[in-house]
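K.L.:
quick one, fold the following:
(2 chains)
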There are 2 protein chains.
Amino acid sequence: MIEKKISEYLENAHEIFLPGVSLDVVILGYSENAIRVLLLKLKEYNLWALPGGFIAKNEDVDAATHKIVKERTGLEKLYFNQFHLFGKTGRNASFLQESSHAAKLSADARNWLNQRFVTVGYFALVRIDQVVPQPDILSEACDWLPVDQLPATILDHHEIVNTAIGHVRRQLNYFPVGLNLLPERFTISELQRLYECILNQKMDRGNFQRKILKLDILVRLEKLKTGGAHKAPYLYRFDRDKYQHKIQHGIGFI
Amino acid sequence: MIEKKISEYLENAHEIFLPGVSLDVVILGYSENAIRVLLLKLKEYNLWALPGGFIAKNEDVDAATHKIVKERTGLEKLYFNQFHLFGKTGRNASFLQESSHAAKLSADARNWLNQRFVTVGYFALVRIDQVVPQPDILSEACDWLPVDQLPATILDHHEIVNTAIGHVRRQLNYFPVGLNLLPERFTISELQRLYECILNQKMDRGNFQRKILKLDILVRLEKLKTGGAHKAPYLYRFDRDKYQHKIQHGIGFI
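P.N.:
This next block holds a predicted model:
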């Protein structure tokens, strides 16, 4: 049944989809002190891939992105950043020809797999605990892997993930981060640890605390319950209105 | 001769170029207190268009961008920001079919013009006085037009220009700007006027001066020669090393 669906997909792809363009989505989450990316493990290959796909001839690229992400993660209404087009020569889906399905394909379908395509990259930041990963019909697993220990992937998917991380890093200069990555309540140390993971470097504790409080996006709550109460740090949550205002207006130079 | 070249271009386009993808370049300059964009006026239409084109099947997208910009502006070694892919349905080159050349085309070539394509947008900031605009074979004029008074354009080129301006605006939060837009020597008021043009809003004079000097990217030179010498403002130039350092490392929150 699934085998038949894959063959049908490959056989009809050249009729259904826009030639020359695909999309890939870097869905990033944060857990156990690591930035993680949602990857699919392709059946029949020992390779991983970003969630992604082709764009139907009558479909906007943004709409295709929402559809693909919903299929893979169950998440709707995600905010995506479209961040880069990867346009080097030699990008094609000919690796799919090594699958057992490809031998059965028509010449048209095989030819389509061999054509070069560019891909447009999107990223989204999500709470890992709100996602139920869903392997697609070409995949046998869908999992959150740390971005600093990526497995072997198809095509230029390493470059796509690393470019997305670079964009998130630059955004720290003009957007707050954390609302979609941390639990509802957190300590400033936990927020600092998130920034350090994104930047892949240590930050000065006092300096970070001063800068982040100056942004005026945090609401102080009660102290964290620990054994030695006098040393317990405060918990905070984001003030959503102020956070959104900073997302709209930026926090940088101007 | 030129007529023949256009027909040949259109006739062979489907053989030479990647289907489904084009590129457009928003080349921005600054003169007479206005941010200006380089636009081409298409022959036979009363419509303007961004410099742009299709990508050869064996050509990287970035390489195609450099080639097209060199053809239109004479500029080499420009730094481009790839900023967005425009992927709505219904984008195609069928408007070219209204030209006198199109009637002579083969069915294949006409079909190619009717196919939807997405476009990837690049922008570059240039010194207008260093550019010699070159109309291409499809155009009768190539000129610098103010971005706040755009003429009628093909396709979604208004949206592409405005999206590029939005990116330049956001970049003011984490990159310095001016090195490629202002003359070698300038007053702080002139630099402020550039920022105001990009932001399309007035800035406080004292506040701007304090922030821009704090960036430590300016070298103070002699006073501007004016009639009343005691009121003359200082001239400045950028310290290129420090400027480049800020371009590398950002000037924002972190």
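
K.L.:
contact residues of chain A facing chain B?
P.N.:
A:18-21, A:55, A:57-62, A:82, A:84-85, A:87-89, A:116-118, A:120, A:170, A:172-174, A:195, A:199, A:203, A:211, A:215, A:250-254 (Cβ under 8 Å from any Cβ of the partner chain). C-beta: built from backbone N, CA, C; applies to glycine.

K.L.:
buried ones only from the residues you listed, please, as a PyMOL command.
P.N.:
Burial among those is assessed by 16 or more other Cβ atoms under 10 Å in any protein chain shown; the matching PyMOL selection reads:
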select buried, chain A and resi 18+19+20+21+55+59+61+62+82+84+85+87+89+116+117+118+120+170+172+173+174+195+203+250+251+252+253+254
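
K.L.:
taking the residues of chain A next to chain B one by one, which sit in strands?
P.N.:
Within those, residues falling in strands by DSSP state E are A:18-21, A:55, A:82, A:84-85, A:118, A:120.

K.L.:
worst-scoring helix or strand of chain A, pLDDT-wise?
P.N.:
Ranked by mean pLDDT, DSSP states H and E, the weakest helix or strand in chain A is helix A:2-16, scoring a mean of 78.

K.L.:
what ranges in chain A fall below the confidence cut-off?
P.N.:
By pLDDT under 70, the weakly predicted segments of chain A are A:1-3, A:100-102, A:227-230, A:253-254.

K.L.:
would you mind measuring the gap between the ends of stretch A:67-80?
P.N.:
12 Å (Cα to Cα, to the nearest Å).

K.L.:
pull out the buried residues from that stretch.
P.N.:
Of all the residues in stretch A:67-80, those buried under the rule 16+ other Cβ under 10 Å are A:68-69, A:72-73, A:75, A:78, A:80.

K.L.:
what about the spatially most central residue of chain A, which SS state?
P.N.:
In chain A, the C-alpha nearest the mean C-alpha coordinate belongs to A:Ile27, at 1.6 Å (Cα atoms, centre = their mean). What DSSP: H, G, I helix; E, B strand; the rest coil gives for A:Ile27 is strand.

K.L.:
what does the helix or strand hosting A:Val161 contact?
P.N.:
Taking DSSP states H and E as the definition, A:Val161 sits inside helix A:157-171. By Cβ atoms under 8 Å, 6 or more residues apart in numbering or on different chains, the residues outside helix A:157-171 that reach it are A:24, A:26, A:28, A:35, A:37, A:48-50, A:81, A:83-84, A:86, A:119, A:121, A:123, A:125, A:147, A:150, A:177, A:198-199, B:174, B:250.

K.L.:
can you check stretch A:57-67 too?
P.N.:
Residues contacting stretch A:57-67 (Cβ under 8 Å, 6+ apart): A:16-18, A:21, A:23, A:25, A:53-56, A:76, A:78, A:80, A:82, A:120, A:122, B:85, B:87-89, B:116, B:118.

K.L.:
10 Å - rerun?
P.N.:
Residues outside stretch A:57-67 that contact it (Cβ atoms under 10 Å, 6 or more residues apart in numbering or on different chains): A:15-19, A:21-25, A:51-56, A:75-78, A:80, A:82, A:120, A:122, A:124, B:20, B:85-90, B:115-116, B:118.

K.L.:
for stretch A:8-19, same thing?
P.N.:
Contacts for stretch A:8-19 (Cβ under 10 Å, 6+ apart): A:53-59, A:61, A:64, A:93, A:96-97, A:99, A:101-102, A:104-106, A:108-113, A:115-117, A:136-138, B:18-21, B:87, B:89, B:115-118.

K.L.:
buried sites along stretch A:142-149?
P.N.:
For stretch A:142-149, the neighbour count (16+ other Cβ under 10 Å) marks A:142, A:144-145, A:147 as buried.

K.L.:
same deal with stretch A:16-35?
P.N.:
A:17-30, A:35.

K.L.:
could you dump stretch A:125-133 to PDB, C-alpha only?
P.N.:
The C-alpha trace of stretch A:125-133 is given here as PDB (Å, rounded to 0.1, in the frame of the first residue of the first chain):
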ATOM      1  CA  LEU A 125      11.400  27.900  16.300                       C
ATOM      2  CA  VAL A 126       9.000  25.500  18.200                       C
ATOM      3  CA  ARG A 127       8.500  24.000  21.600                       C
ATOM      4  CA  ILE A 128       9.600  20.400  21.300                       C
ATOM      5  CA  ASP A 129       7.000  19.200  23.700                       C
ATOM      6  CA  GLN A 130       4.200  20.500  21.500                       C
ATOM      7  CA  VAL A 131       5.300  18.600  18.400                       C
ATOM      8  CA  VAL A 132       4.400  15.000  17.500                       C
ATOM      9  CA  PRO A 133       6.900  14.100  14.800                       C
END
